[in-house]
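1. what would the 3D arrangement of this be:
(one chain, ligands or ions: 1)
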Amino acid sequence: MVRFKIEDFFSPEDLPNLVPSQEYAVAWVNDRTIPHNGVDVALRNAYRESLPHKPFIKVFWAEGPGVITRASYHFTDSLHAYGNRLSISFDTQFELYIAHLEGIFPTMRVGKEVGKGELLGFMGDTGAVTGPHFHFGIRDKNTGEYWNPHNFIDFSAVIENDG
Ligand SMILES: [Zn+2]
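-> Next up is the predicted model:
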């Protein structure tokens, strides 16, 4: 069922500086748990601390045709505000979404078909976040349920950076 590789979303220059920062299912916030319905990918601490300014990390579409289904700013006053969020339908059942973007690339409009390697947007800290990262989530378009992204995306290339 896994069909994406996390390295296909990033340039070879950026990939070594990225690590998973928050796992699927459970997140600790102020000593209580809230469900976390995606996997977060952020900068390695040592790399972040070496930067004089905010990072400029690009995210690309990772495989053959997808269709943009959302490209907008999402706000709620809960801990789930996604900020700038881009959703891409990749088959009849599922869409992948990437949240907290600094910016969505201007050509990424609802209805646009995107192919592998197209620039989607930039790492940011919009919405409810504690720092810049990408939130990768998988949503069932028919039921609205969120699925474990590990069933769809092979994150091993960034997990290895964490060691
Ligand atoms: Zn997240």
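2. tell me how far the nearest residue to residue 162 once chain neighbours are set aside lies from residue 121.
-> Beyond its immediate neighbours in the sequence, the residue positioned closest to residue 162 (C-beta to C-beta, 6 or more residues apart in numbering) is residue 19, lying 4.6 Å away. C-beta coordinates here come from the backbone N, C-alpha and C atoms, glycine included. Between residue 19 and residue 121 the distance, using C-beta to C-beta, to the nearest Å, works out to 20 Å.
3. neighbour count: those two, which is higher?
-> Comparing residue 19 with residue 121 by neighbour count (other C-beta atoms under 10 Å), the higher total belongs to residue 121, at 23 against 20.
4. didn't that one look like it was pressed against residue 107?
-> No: with the criterion set as C-beta atoms under 8 Å, residue 121 and residue 107 do not qualify as a contacting pair; they are 10.7 Å apart.
5. quick revisit: residue contacts, the residue nearest to residue 162?
-> With contacts taken as C-beta atoms under 8 Å, 6 or more residues apart in numbering, residue 19 has the following neighbours: 41, 42, 43, 44, 158, 159, 161, 162.
6. now for those, which pair is the farthest apart?
-> Spatial extent of those (C-beta to C-beta) is set by the pair 43 and 159 at 14.8 Å.
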